[in-house]
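**Student:** Below are the sequence and a predicted model; questions follow.
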Amino acid sequence: MPNNNMPDLSTPILEVTDIEKHYPLGRGLIGSLLSQPEQIVRALDGVSFSIKNGEILGLVGESGSGKSTTALSVLGLTTPTKGTITFDGENVIEALKGSKRLAFRRKMQMIFQDPYEALNPRQTIYQIVSEPLEVHNITRDKTEKRERVIEALSQAGLKPPENFFDRYPDELSGGQRQRVVIAAALILRPQLLVADEPVSMLDVSIRAEILNLLRQLRDDHGISILYITHDLATAGFFTDRIAVMYLGRIVEIGTTVDILQHPKHPYTRALISVIPAPNPRNRRERVILQGEIPNPTNIPSGCRFHPRCPVAIDDCRKIDPQLLPIAGVHQTACIRADEKLPDKT
């Protein structure tokens, strides 16, 4: 169920403005001899969005759409080719260059996709969760460190926390490991969590538990969350807003309710069409997209989705649509957004 108790959206904690990320591939020996132009991978091509204090924003799209590159850019782990990212009033790239780099890093933490690879099998749970305190030189006091570890494990749902201190990752289930990953992020008391596919490696039976945990962390502590996923169903379960990405751009963004109930972009409608319906009588007609996301070194002319779009017209091959308002905060990048299109979703 989408969250109907929207948080206070008055103050943005994160603002991403027109970021681009291009990776030059070089020309190679033959390309240089033939004076061929250098190829460039346009991983991000003008991405803008904001996240408010206490808001959960879902970033949704297929593999290759640019979601993970966006996450790395937000965290300052890769530098955008163009554009700006502001977090808590500071330019992310500039803040990470200064003497306060570690202090700034504490404000944003990442929850990794694979809890089996994210944890050091040779460390105990206590060592794993307390390590960020040592890296950031927060406390040398053993009692305070122990209290912070107890707090983080408890917030992550591992109770009683002392029972996990001396255990190793291979003694835990997948869900428990992911809770340890979350605890290691929480121990620094961040303002923003970047969750990159945090439930994709987990059994279906415990995915809802982890998502409910993340939502509870937002409700109890006001933590903002950027939730990255290819699964629109899980994004619809607990996000406040959803941004749909395709080939390096956001093609639709709005409240979760608007995106799920009133999708305007054909790509969004296709993603929604494959979400399983609880009631068999309400099954949607599936929209099976042909082909794969085009090569980001060769972006199609006009609308970048038109080669796969089931409702594309000639103008779609010529016009590169920009995000435009539909209603309220709902925006979409489609020249046919105002038309009554055949309902195939």
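**Tutor:** Now that the structure is in, tell me what you want to look at.
**Student:** for this protein, which spans come out with low pLDDT?
**Tutor:** Under the criterion pLDDT under 70, the flagged ranges of the chain are 1-10, 27-36, 277-285, 341-345.
**Student:** Look up the residues forming beta bridges with the most centrally placed residue in it.
**Tutor:** With the centre of the chain defined as its mean C-alpha position, the nearest residue by C-alpha atoms, centre = their mean is residue 228, 2.4 Å away. As for beta bridges, residue 228 partners with residue 59, residue 196 under DSSP bridges.
**Student:** show me the contacts for it.
**Tutor:** When the contact criterion is C-beta atoms under 8 Å, 6 or more residues apart in numbering, the partners of residue 228 are 58, 59, 67, 68, 70, 71, 194, 195, 196, 197. Backbone N, C-alpha and C define where each C-beta goes, glycine included.
**Student:** Over to residue 101?
**Tutor:** By C-beta under 8 Å, 6+ apart, the contact list for residue 101 reads residue 95.
**Student:** Can you give me the distance of it to residue 90?
**Tutor:** In this view, residue 101 and residue 90 are 11 Å apart by C-beta to C-beta, to the nearest Å.
**Student:** can you check residue 262 too?
**Tutor:** Distance, residue 262 to residue 90, by C-beta to C-beta: 36 Å.
**Student:** swap in residue 162?
**Tutor:** In this structure, residue 162 lies at 38 Å from residue 90, with C-beta to C-beta as the measure.
**Student:** before we move on, what about residue 12?
**Tutor:** The value you get for residue 12 to residue 90, if C-beta to C-beta is used, is 13 Å.
**Student:** Compare neighbour counts for the two and give me the winner.
**Tutor:** Between residue 12 and residue 90, counted using other C-beta atoms under 10 Å, the more crowded position is residue 12 (18 against 15).
**Student:** and the more buried one, what are its phi and psi?
**Tutor:** Backbone torsions for residue 12, taken as degrees, to the nearest 10, come to phi -80, psi 130.
**Student:** right, and it touches residue 52 too?
**Tutor:** Yes: here residue 12 lies in contact with residue 52, judged by C-beta atoms under 8 Å, at a distance of 5.4 Å.
**Student:** that older thread, for the contacts of residue 228, give me JSON lines that also has neighbour count and distance to residue 188.
**Tutor:** Rendered in JSON lines, the data for those read as follows (neighbours: other C-beta atoms under 10 Å; distance: C-beta to C-beta, whole Å):
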{"residue": "58", "neighbour count": "26", "distance to residue 188": "23"}
{"residue": "59", "neighbour count": "29", "distance to residue 188": "22"}
{"residue": "67", "neighbour count": "22", "distance to residue 188": "24"}
{"residue": "68", "neighbour count": "17", "distance to residue 188": "22"}
{"residue": "70", "neighbour count": "30", "distance to residue 188": "22"}
{"residue": "71", "neighbour count": "19", "distance to residue 188": "18"}
{"residue": "194", "neighbour count": "25", "distance to residue 188": "13"}
{"residue": "195", "neighbour count": "26", "distance to residue 188": "15"}
{"residue": "196", "neighbour count": "21", "distance to residue 188": "17"}
{"residue": "197", "neighbour count": "19", "distance to residue 188": "21"}
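**Student:** which of those residues sit farthest apart?
**Tutor:** Looking at the contacts of residue 228 by C-beta to C-beta, the two members farthest from one another are 58 and 68, with 14.2 Å of separation.
**Student:** And the helices in this structure?
**Tutor:** Listed in chain order, the helices of the chain (DSSP state H) span 28-33, 67-74, 92-95, 101-105, 115-118, 125-135, 142-155, 174-186, 204-221, 232-238, 256-261, 266-273.
**Student:** Using a markdown table, lay out these together with distance to residue 166.
**Tutor:** Written out in a markdown table, the entries for the helices of the chain read as follows (distance: least, C-beta to C-beta, whole Å):
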| stretch | distance to residue 166 |
| --- | --- |
| helix 28-33 | 54 |
| helix 67-74 | 33 |
| helix 92-95 | 37 |
| helix 101-105 | 28 |
| helix 115-118 | 19 |
| helix 125-135 | 7 |
| helix 142-155 | 12 |
| helix 174-186 | 13 |
| helix 204-221 | 23 |
| helix 232-238 | 33 |
| helix 256-261 | 41 |
| helix 266-273 | 44 |
